[in-house]
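Peer 1: Give me a 3D structure for the following:
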Amino acid sequence: MFIIIGGDGKEYGPVTVEQIRSWIASGRANLATQAKAFGTDEWRKLADFAEFAPPDAAPPVLASVTSTATSAGADPRLAHPGMRLLAAFIDGFLESMCWLPTSTAVMHSLGGLLGSGQINPQDVIEIMTSSIGRSAPYLIGLVALQATLLTVRGQTIGKILTGLRVVRAPSGTPAGFLHGFLLRGFLPRCLRHVPLIGALFWLVDNCFIFRDDRRCLHDLIAGTKVVKV
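Peer 2: The predicted structure follows:
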């Protein structure tokens, strides 16, 4: 008896070997589908189980060793870096729109000061501080919406539009609020605002997307990965 992870990220089972073989034959599952023997906690590909290995496949022990050295990027469900970048751009654009009321107010006030010929750094700080409140309701609303979408669907607005989803690695189960939003989104954002360390974290975080498993640093922190829907 086995439990498998469906294409929707949900667990199905326990089901028999024969049932899974019929799903493979009908295209509802494949040898890359994540599964575990009923009563155990180790998730593996169906191909790693002797019951589903092709006739000419390597023995289970050898296949296990080989899979360790094989690129994790071979998973066809992993999101393309370009699509992830597009999703991040969409989410960033929405956030920038929330800041528009503040930017407009600051530019208007600075324009008045420049026109009068009286401006100093303290005035600029006061203008920016007093104008932040104009964007606060929009930012809070956007964060609440994105957090809800990540908790319920594993998606932000950008990921919905690009057909991507955040799931737990390696099981493929829903990420939820803790892993999908708090550890993957909120904590890394706080780290990016730390002087010096934040810039280094941002650089390393983005470079990690070129790993074989395409997991950025914030994915490793949260124990997540991004897949195609």
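
Peer 1: in the protein, which helix or strand is least confident?
Peer 2: Lowest on mean pLDDT, DSSP states H and E among the helices and strands of the chain sits helix 60-69, with a mean of 46.

Peer 1: could you point out which element follows that one?
Peer 2: Moving toward the C-terminus from helix 60-69, the next helix or strand (DSSP states H and E) is helix 81-98.

Peer 1: gap between that next one and the chain center?
Peer 2: 13 Å (Cα atoms, centre = their mean, to the nearest Å).

Peer 1: Number the chain from 23, please
Peer 2: Happy to do that; since the first residue is 23 now, the last one works out to helix 103-120.

Peer 1: now could you export just the CA positions of that helix as PDB?
Peer 2: Output in PDB follows, covering the C-alpha atoms of helix 103-120 (Å, rounded to 0.1, in the frame of the first residue of the first chain):
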ATOM      1  CA  PRO A 103      13.500  30.900 -13.600                       C
ATOM      2  CA  GLY A 104      12.200  33.300 -16.200                       C
ATOM      3  CA  MET A 105       8.600  32.700 -15.100                       C
ATOM      4  CA  ARG A 106       9.600  33.100 -11.500                       C
ATOM      5  CA  LEU A 107      11.200  36.400 -12.400                       C
ATOM      6  CA  LEU A 108       8.000  37.500 -14.200                       C
ATOM      7  CA  ALA A 109       5.900  36.600 -11.100                       C
ATOM      8  CA  ALA A 110       8.200  38.500  -8.800                       C
ATOM      9  CA  PHE A 111       8.000  41.500 -11.200                       C
ATOM     10  CA  ILE A 112       4.200  41.500 -11.200                       C
ATOM     11  CA  ASP A 113       4.100  41.300  -7.400                       C
ATOM     12  CA  GLY A 114       6.700  44.100  -7.100                       C
ATOM     13  CA  PHE A 115       4.700  46.300  -9.600                       C
ATOM     14  CA  LEU A 116       1.600  45.900  -7.400                       C
ATOM     15  CA  GLU A 117       3.600  46.900  -4.300                       C
ATOM     16  CA  SER A 118       5.000  49.900  -6.200                       C
ATOM     17  CA  MET A 119       1.400  51.000  -7.000                       C
ATOM     18  CA  CYS A 120       0.600  50.900  -3.300                       C
END
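
Peer 1: For the helix or strand following that helix, give the mean pLDDT please.
Peer 2: Once the chain leaves helix 103-120, the next helix or strand it forms, by DSSP H and E, is helix 122-138. Mean per-residue pLDDT for helix 122-138: 80.
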